[in-house]
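Enquirer: Got a predicted structure here, sequence first:
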Amino acid sequence: MKKVLKAIGVLLGLFLLYVIFNMDGYGKKLEFNGTDVYYTELVTEAEAQKLGEYLVEAEFADGREKSVQLSKRDSIYLFRMVVFDGIVEDSTNDITLTAMTYALSLSVFDGAPVELEACNDTFETLRVYGKK
């Protein structure tokens, strides 16, 4: 009986180590010129790859460290972006961030709706742009 309990304990421990080392909560990660593109299981790697390539082409991914996350809610793509403190409070950024949703929609997601979620450094949403 002790051997069985010990084996179960070892298996449980190995499973927990696997979960800890393979799950960061943000999804899988691709890297594009200093920009980490995380993507959830609700989108494909091909969609994340296309997004990353666009971010390089648009010079958003410019070698400086940045983090974004791609996900989806129903038919709406969610482009979640870590922003500096004060960005969402400064209304002069509203037009730029809203325009970014249209650019992503047309250039990356074949016209599908996109919402941009400005987030803190742990991907907690601070404000949503382009909300339908």
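Expert: Yep, that arrived. Numbering: from 1, shown residues only.
Enquirer: for this protein, which spans come out with low pLDDT?
Expert: Across the chain, the ranges flagged by pLDDT under 70 are 1-24.
Enquirer: what helix or strand is the most centrally placed residue in it on?
Expert: When the chain is reduced to its mean C-alpha position, the closest residue under Cα atoms, centre = their mean turns out to be Gln69, at 0.7 Å. Per DSSP states H and E, Gln69 falls inside strand 66-73.
Enquirer: Given the helix or strand following that strand, what are its sheet partners and their directions?
Expert: Using DSSP H and E, the next helix or strand after strand 66-73 towards the C-terminus is strand 76-82. Here strand 76-82 has these sheet partners by DSSP bridges: strand 66-73 (antiparallel), strand 114-119 (parallel).
Enquirer: Pick the most buried one from those.
Expert: The highest average neighbour count among those, using mean count of other Cβ atoms under 10 Å, belongs to strand 114-119 at a mean of 21. Heads up, the C-betas are built off the backbone N, CA and C, glycines and all.
Enquirer: Mind putting the strands paired with strand 76-82 into JSON lines with distance to Ser105?
Expert: Converted to JSON lines, the strands paired with strand 76-82 look like this (distance: least, Cβ to Cβ, whole Å):
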{"stretch": "strand 66-73", "distance to Ser105": "13"}
{"stretch": "strand 114-119", "distance to Ser105": "5"}
